[in-house]
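J.: A predicted structure for the sequence below; I have some questions about it.
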Amino acid sequence: MINSLSSPERWSLTLALRAVHIDALLLLGLLVLLGAGLMVLFSAGDQNISLVVRQLIRVGTAFLVLIFLANIHPDRMRDLAYWIYGVGLLLLISVLMVGDEGKGAQRWLNLGIVRFQPSELMKIAVPLSVAAYIAERPLPPSFLRIVVCLVMVFIPSLLISKQPDLGTSLLIASSGLIVIFLSGVSWRFIIGLLISVASALPVLWHLMHNYQKQRVLTFLNPESDPLGAGYHIIQSKIAIGSGGLFGRGWLEGTQSNLAFLPERSTDFIFSVIAEEFGLLGVSMFLFLYLAIAGRGLYIASRAQSSFARLLAGSISLTFLVGVLVNVGMVTGLLPVVGVPLPLVSYGGTSMVTLLASFGILMSIHTHRRMMES
Amino acid sequence: MKTRLTLKDHFRESRLVNDRLIFSAILAGILFAIILVRLATLQIIEYKHFNDLSHNNRMSTQALAPQRGLIYDRNGVVLAENIPTFSLELTPENVHSVDNTLTTLTKLFSLSSDNVAEIKKTIKEQRGFRQVVIRKSLTEKEVALFSVNQHKLTGVDVVARLIRHYPHGALFAHTVGYVGRLNERDQKNVDRNEYKGTLQIGKTGVEKEYEKLLHGKVGFRHIETNVQGRTVRELHREPSHSGQELFLHLDINLQKVASEVLADYNGAIVALEVKTGGVLAMVSKPDFNPNSFVSGISSKEYDLLRDSADRPLFNRSIRGHYPPASTLKPFVALAGLERGIIKSNSKTFCPGWYKLPGHDHRYRCWKTHGHGIVDLKQSLAQSCDVYFYDLANSMGINQLHGFLDHFGFGHLTGIDVPSESSGLSPSREWKIKAKNQVWYPGETLISGIGQGFNQTTPVQLAQATAMLAMRGVHVKPKVARAIRDYNTNELTLLSSETAESLPVINKKNWESVIDSMVEVTTGARGTARLLGKTLPFNVAGKTGTAQVFGIKQNQKYDAETLEKKLQDHALFVGFAPAENPEFVVVVVAENGGSGSKVAAPMAKRMIEEYFGLVAND
């Protein structure tokens, strides 16, 4: 749409958007991806238009949150970071005690009007507060600060994995760890940490729920249980593989439309894209993700404070981690941990959180002081 | 704190973070490349493999069973049809509460608790959209009961299916036979593809013999199914072709009369159309209801049929072995004439017994005081045994056996009803082989009167009598008359099968035997003189009374004192009109006592029915 406008008009639209603190390029990427995602969702959700409408309402709500956050100065966010983190932590604890159950896990907090997943709030609170804390002092951070940051990351992650929601826990942990990595922690420290994590894996295995262990075992050998736990991954691979180079065409995917593919509108929606649009289609989707994250990384590199730089970097990279884990999972490269495909999978709060984080990105970019000019 | 913040080196920090950002971007790029390689592997290199798997996931082929061809008698009366049977079936996924529904059904149809347990088990094992049979073959009353209570029974339906039905019950049980459940053994004998979807197969009689024609051609539909196996859409349909319709020679009216006259006797009646060999009636008693076998007979009912001393499942008309007794005499007489042993005016003196030269044993005539001097005609008319002892003795067993062979005694007739028996026409070779004994001259004598080792089936007797009627022309007995194509309605007559005819040496010999047989039914002393009396044409016939129980020398046969089971079999063979034969009838009434008193009247009724001579009451 923007390209069809003549040059002065395009500039005026961009400037108008800039006035309300919206980044035009990021917005364009998001809109294209969301539009394509809704199309896929229509096919994946048994061509049930009401499913698409509900998702559209979520997208609309999420955009309101995006615009709201884009108009808040990053400094205000930094000031509120610890408060948000604190409230999020309290909600997480309360969810473990009084939360509603959905699909066998305690993740929801019923607020009367809306049901709310506190873990989604933490997706923003963790990188925000870790970036705020780490940027208080000159970079690279001291050892003590790193340790405090690690604690700030792992307390919510552990609480969420207890719900249990391994996927979200993983994404939150990586969003915090990415901030720490970007802040310039020495490579020696990073390698040391990796080694200690590797040695802690057996302990982690012991702490895992049975269904999580099962998922890991199934990942290692999906054909061992073709009707049970391995069924998801086998059917997903069939859907992807049978898509070929050009795909079967929109609404023509038999694996998805005949329900052989489980969880096809949520975690396995990528397999539907692969079946119906082929390698060319998924490549375009992957390109869109890279383009959006690329714009985010550009925004990070142009940010004017270390806090903003770290936060923007973490948001962009965590977005990519979500894509990588989801696609790795449905193609059988990673275990099935329950991470949705960002902005495409059908689902409530994660859509709001994601667009909220892009609101933060836009805020960072549009609140720069124009020193250069 | 504030003062230290000002000391931050913004330039150095931003370079530090940007370096890490660039590193991360490169790492992300590498990871995306790995994903892309993975996708290309799945979608291009392994495309064929996964495409096949996807195809197998959803495609399946269902067989469409053809409708079995109907069977008619010669008048177009249906003898075997396909009727809808109603069964009560439950679709679990459409039922709100299986337990409540089953409770309601138990009350309405008084299901047993075993029954309910079985149904519950089936529901658990099957997919929710698969019907579970609650009760088979509902009565009309039960269907009505269901209709009234239907509002309480969501997810329960009355389903109509076609099953084989024999509207005349036991009347054609042995000849038309029956179909039964296709079992493992049957599957080995048929083309499995053709029988996909078929539940029943011909087990006996015409149903078995003409299985290939009656079954029809299986159809297929290729369907796309979803993950639960439910049909989503039909991609291709190849319709089934109904089986051919079969028209039989059988005449239901004649069959009814045969069954009626045989009444409570065990035995068989076979009637043939002389010129075609068409089987007009074929009854074996006792009989049974073939409908019991169609949808699976209960083991209790089956045991009762199998273990009954009267053997109702045994088809006596093609498998029953009976001594032909005096009914063999016309053939023996013809052998004597054709072989030049006797002339039609040759006479013998019957004192009531016969002795072989140099032996003391008396071979008795049935008439204790003898027939006096008898010629061929009278010997047949009065069934004098001594005349035939003498004739057989002069002819010898070799010639006798050789001649009877031409008439098919001891051979299968080749009738189109399975499991026929061949009977036995004894010979020297046979005795050596079977009993490792030499042939005694006395055995020739009793062979001459159709006793001893002689065993014939009713259908064999009918075939031989037809050959006699046809003056040597041999036509095989056949039940099926024509085939009608279900689709084109085209009627194809099945030609009669002729076999090697008998070499006729002198036609006069034949006429002389047939004349003698007419004397049986018309002569003042004929054993079946009551038969010919009221008929407007001549009937050639011969009675027979076959010994079941050997009587000792000097002992008298007394029907009163003998047990029913040991009483003589009553036989009659005959054809009419004698000069231009159309109709052959053979009657065997087990333990009937007397051929002339019991079997001949039965034959008369058959003749009257065939020629439309039945007096209206």
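T.: Okay, I see it. Numbering: from 1, shown residues only, chains lettered A, B, ... in the order given.
J.: quick one: residues contacting the residue nearest the centre of chain B.
T.: By CA atoms, centre = their mean, chain B has its centre lying nearest to B:Gly205, at 1.3 Å. Neighbouring residues of B:Gly205 by CB atoms under 8 Å, 6 or more residues apart in numbering or on different chains: B:172-178, B:315, B:417-418. Just so you know, the C-beta spots here come from the backbone N, C-alpha and C atoms, and that holds for glycine as well.
J.: what about A:Gln163, is that helix, strand or coil?
T.: coil (DSSP: H, G, I helix; E, B strand; the rest coil).
J.: what do you get for B:Trp439?
T.: When classified by three-state DSSP, B:Trp439 comes out as coil.
J.: count of residues packed around it?
T.: 19 (other CB atoms under 10 Å in any protein chain shown).
J.: report the separation between it and B:Leu445.
T.: 12 Å (CB to CB, to the nearest Å).
J.: sticking with the residue in chain A that chain B sits nearest to, tell me its helix or strand.
T.: Residue of chain A nearest chain B, by CB to the nearest CB: A:Gly241 (2.5 Å). Remark: A:Gly241 resides in helix A:231-243, with elements defined by DSSP states H and E.
J.: likewise B:Val270?
T.: B:Val270 is part of strand B:267-273 when elements are defined by DSSP H and E.
J.: sheet-wise, list the partners of that strand with their directions.
T.: Paired neighbours of strand B:267-273 in the sheet (DSSP bridges): strand B:279-285 (antiparallel), strand B:583-589 (antiparallel).
J.: let me see the mean pLDDT of whichever helix or strand comes after the last one.
T.: What it means is strand B:583-589. The first helix or strand that comes after strand B:583-589 along the chain, using DSSP H and E, is helix B:600-610. Mean pLDDT, helix B:600-610: 94.
J.: over to stretch A:356-370?
T.: Stretch A:356-370 carries an average pLDDT of 91.
J.: ok, the contacts of B:Gly205 vs chain A, which is closest?
T.: Checking the contacts of B:Gly205 against chain A with CB to the nearest CB, the nearest one is B:Tyr178 at 43.1 Å.
J.: with adjacent residues omitted, what lies nearest to that closest one?
T.: Spatial nearest neighbour of B:Tyr178, excluding adjacent residues (CB to CB, 6 or more residues apart in numbering or on different chains): B:Pro290 at 3.6 Å.
J.: isn't B:Glu273 right up against B:Leu280?
T.: Yes: if you go by CB atoms under 8 Å, B:Glu273 and B:Leu280 touch, sitting 5.6 Å apart.
J.: now do the shared contacts for those two.
T.: Counting by CB under 8 Å, 6+ apart, the residues touching both B:Glu273 and B:Leu280 are B:249, B:583.
J.: ok, the two, which is more surrounded?
T.: Shown here are B:Glu273 and B:Leu280; by other CB under 10 Å, B:Leu280 has more neighbours (26 against 23).
J.: quick one: contacts for the more buried one?
T.: By CB under 8 Å, 6+ apart, B:Leu280 lies in contact with B:74, B:249-251, B:254, B:271-273, B:583, B:610.
J.: burial count for the nearest residue to the residue of chain A closest to chain B once chain neighbours are set aside?
T.: Take A:Gly241 and drop its neighbours on the chain: the residue closest to it by CB to CB, 6+ apart is B:Phe50, 2.5 Å away. By other CB under 10 Å, the residues close to B:Phe50 number 21.
J.: what sits against B:Phe50?
T.: With contact taken as CB under 8 Å, 6+ apart, B:Phe50 is in contact with A:237-238, A:240-242, B:42.
J.: try A:Arg368
T.: With CB under 8 Å, 6+ apart, A:Arg368 has these contacts: A:302-304.
J.: tell me the phi and psi of it?
T.: Per-residue torsions, A:Arg368: phi -70, psi 140 (degrees, to the nearest 10).
J.: state the pLDDT value of the residue nearest to B:Tyr178.
T.: We have a pLDDT of 94 for B:Pro290.
J.: quick one: contacts for it?
T.: Listed by CB under 8 Å, 6+ apart, the contact partners of B:Pro290 are B:166, B:169-170, B:172-173, B:176-178.
J.: quick check: which ranges of the chain have low pLDDT?
T.: Defaulting to chain A. A:1-9, A:99-115, A:215, A:218-229, A:348, A:370-373 (pLDDT under 70).
J.: chain B was what I was after
T.: B:1-8, B:129, B:228-229, B:549-562, B:615-617.
J.: change it to 50
T.: Within chain B, the segments meeting pLDDT under 50 span B:1-6, B:617.
J.: do a quick rundown of the helices in the stretch 101-250 of chain A.
T.: Along the stretch 101-250 of chain A, the stretches classed as helices by DSSP state H, counting those that start in this stretch are A:118-134, A:143-161, A:166-182, A:187-207, A:210-220, A:231-243.
J.: turn the ones you listed into JSON lines, columns for mean neighbour count.
T.: Below are the helices of the stretch 101-250 of chain A laid out as JSON lines (neighbours: other CB atoms under 10 Å in any protein chain shown):
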{"stretch": "helix A:118-134", "mean neighbour count": "27"}
{"stretch": "helix A:143-161", "mean neighbour count": "18"}
{"stretch": "helix A:166-182", "mean neighbour count": "25"}
{"stretch": "helix A:187-207", "mean neighbour count": "10"}
{"stretch": "helix A:210-220", "mean neighbour count": "15"}
{"stretch": "helix A:231-243", "mean neighbour count": "26"}
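J.: now do the buried residues in stretch A:240-254.
T.: Across stretch A:240-254, burial judged by 16 or more other CB atoms under 10 Å in any protein chain shown covers A:240-244, A:247-248, A:253-254.
J.: and for stretch B:270-289?
T.: Residues of stretch B:270-289 classed as buried: B:270-274, B:276-289 (neighbour count, 16+ other CB under 10 Å).
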